[in-house]
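J.: Let's see this in three dimensions:
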Amino acid sequence: MPNPAIHIENLSFAYSDGRPALADIDLEVGPGEKLAVVGPNGAGKSTLLLHLNGTLRGRNGGRVRVAGLDVTDRTLRAVRAGVGLVFQDPDDQLFSPTVFEDVAFGPLHMGLPEAEVRARVARAMAVVGMTGYEDQMPHHLSLGERKRIAIATVLAMEPQILVLDEPSAGLDPRARRRLIRFLRGLPQTMLIASHDMRLVWDLCPRTAILDGGRLVADGPTAVLLRDEDLMERHGLECP
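T.: This next block holds a predicted model:
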């Protein structure tokens, strides 16, 4: 794949207690592509996601390159500006007294002037459909609204890549459908870890399956998710 947005080569990782989490992962994601990463609990999905913004780095070899940058100590700040990581629980990202302060946090720490910070907050809030909520307290919002604000906090950084961990977890059907429509319209490259096979089917044309820290399948979502034997073998259900 020429000029992939994400390039992972021979990535292995074990935690400090020696417990293996990833083994020889090779994966590429093209610019603008939406890729789902699925697998049973403990498969290594979250560990893989945390390598994309340098929170974790392979202790056992391998290469991770995102948005044209190898993930190293030297590039860490630029990598985190280019890769927006959205956690499963929005309360892990929302910690300020107001929505505005949460969304402005990243641009402020990039050293941007106040006018640009305000412009980025306004753009991000408009994209997630939350204009007018800037003065609200995040903990007064619904889960679906907090998830959209969490996404706005990374959109304000204007990343090339969005990495989302279980974005539909806990949402009611209406909020879940709204989230899928919203994510489908975003232009960024996306890597989405999820147990929600319906979201994967509706949103991601391509799926990768992890199990036991290994990449066991990678292909069109419409093919993999219809393969009942493959899905059952790796603890998954067809949508």
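J.: and the residue nearest to residue 121 when sequence neighbours are not counted, how many neighbours does it have?
T.: Ranked by CB to CB, 6 or more residues apart in numbering and with sequence neighbours excluded, the top spatial neighbour of residue 121 is residue 103, at 4.7 Å. C-beta here means a position set from N, CA and C on the backbone, and glycine is covered the same way. Neighbours of residue 103 under the rule other CB atoms under 10 Å: 32.
J.: Can you check the pLDDT for residue 103?
T.: Predicted confidence (pLDDT) at residue 103: the value is 97.
J.: helix, strand or coil for it?
T.: helix (DSSP: H, G, I helix; E, B strand; the rest coil).
J.: Cross-check the contact I'm expecting between residue 87 and residue 93.
T.: Yes - between residue 87 and residue 93 there is a contact under CB atoms under 8 Å: 5.8 Å.
J.: how near is the residue nearest to the spatial centre of the chain to residue 130?
T.: The chain has residue 163 as the residue nearest its centroid, 1.6 Å off, counting by CA atoms, centre = their mean. Relative to residue 130, residue 163 is positioned 21 Å away (CB to CB, to the nearest Å).
J.: what do you get for residue 190?
T.: For residue 190, the distance to residue 130 - CB to CB - is 19 Å.
J.: what about these two, which has more around it?
T.: Higher neighbour count among residue 190 and residue 130: residue 190, with 24 against 19, using other CB under 10 Å.
J.: and the more buried one, that's in a helix?
T.: No - secondary structure of residue 190 (three-state DSSP): strand, not part of a helix.
J.: Tell me what it is bridged to.
T.: residue 34, residue 162 (DSSP bridges).
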